[in-house]
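1. what shape does this take:
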Amino acid sequence: MSEVSQTKRRVFTGVSYCSLDAQRRILMPREWRLDTDNSNTMFYIVPSSPNIIKVYDQLHYDKFIESFDHIDEYDEDMADAMMMAGSLVSPVTPAKQGRFTLTQALIEHGQLPTDGSKIVLVGAITYGRIITLDTWTKCKGNPMNLRKIDETLSAMKKAQNQKYNVTIAPQQ
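-> Next up, the predicted model:
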């Protein structure tokens, strides 16, 4: 009998509320961690659009980085934006309990409260988001968000079907 090796894929799901402690640490949700994570498991904390911080695992961070291969590095505005984003990226390895430290620059970028108020860690399937409670409240009140996923996935499926749609001429 052969053994089947199964590797669990990390999926960022759920909603978790926490606050920054005095050392600027927050707790990564258990749903985002795998039993196989260890002291070598790296995550990347990345600034995103205003007030949003993303959490990538290695696999998805590599894909994120690859997307920059297609950007014109001679576009000065884009180069400046990439420089700012790159200067704020923070690789982290969560402690055994899942705590990790945010840099002061990322806290400022995300406008995260440092007074003990709640912040929200929200799963976005392939990455996580760290946002303010106010941002989460506004986002979850918008029903268009879920419709956008359906529309995008439907368009991707159609494009993929067209890409591989091969017409075979009848044999004579």
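2. contact partners for the closest residue to residue 129 other than its chain neighbours?
-> Excluding its sequence neighbours, the residue lying closest to residue 129 (C-beta to C-beta, 6 or more residues apart in numbering) is residue 122, at 4.7 Å. Where C-beta positions appear, they are placed from N, C-alpha and C, glycine not excepted. Residue 122 sits next to 14, 15, 16, 128, 129, 131, 136, 139 when contact means C-beta atoms under 8 Å, 6 or more residues apart in numbering.
3. and the residue sitting nearest the centre point of the chain, what does it touch?
-> Taking C-alpha atoms, centre = their mean as the criterion, residue 127 is the residue nearest the geometric centre of the chain, at 2.4 Å. Contact analysis of residue 127 by C-beta under 8 Å, 6+ apart lists 12, 54, 55, 56, 57, 60.
4. repeat that for 10 Å
-> 10, 12, 32, 43-44, 46, 48, 54-57, 60-61, 63-64 (C-beta atoms under 10 Å, 6 or more residues apart in numbering).
5. quick one: it from residue 76, how far?
-> Distance, residue 127 to residue 76, using C-beta to C-beta, to the nearest Å: 28 Å.
6. got the CA positions of stretch 75-83 in CSV?
-> Output of stretch 75-83 as CSV, limited to C-alpha atoms (Å, rounded to 0.1, in the frame of the first residue of the first chain):
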residue,chain,number,x,y,z
ASP,A,75,8.5,55.1,-15.0
GLU,A,76,9.6,57.4,-12.3
ASP,A,77,6.2,57.5,-10.5
MET,A,78,6.1,53.7,-10.4
ALA,A,79,9.8,53.6,-9.3
ASP,A,80,9.0,55.9,-6.5
ALA,A,81,6.0,53.9,-5.4
MET,A,82,8.0,50.7,-5.5
MET,A,83,10.8,52.3,-3.5
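7. would you mind listing the buried residues in stretch 11-28?
-> Neighbour-count burial for stretch 11-28 flags 12, 16, 18, 20, 25, 26, 27, 28 (criterion: 16 or more other C-beta atoms under 10 Å).
8. below-threshold pLDDT in the chain: ranges please.
-> For the chain, the stretches flagged by pLDDT under 70 are 1-7, 141-146, 163-172.
9. show me where it has strands.
-> Ranges of strands in the chain, per DSSP state E, are 15-18, 25-27, 43-47, 53-57, 90-92, 99-101, 119-123, 128-132.
10. cheers, nothing more for now.
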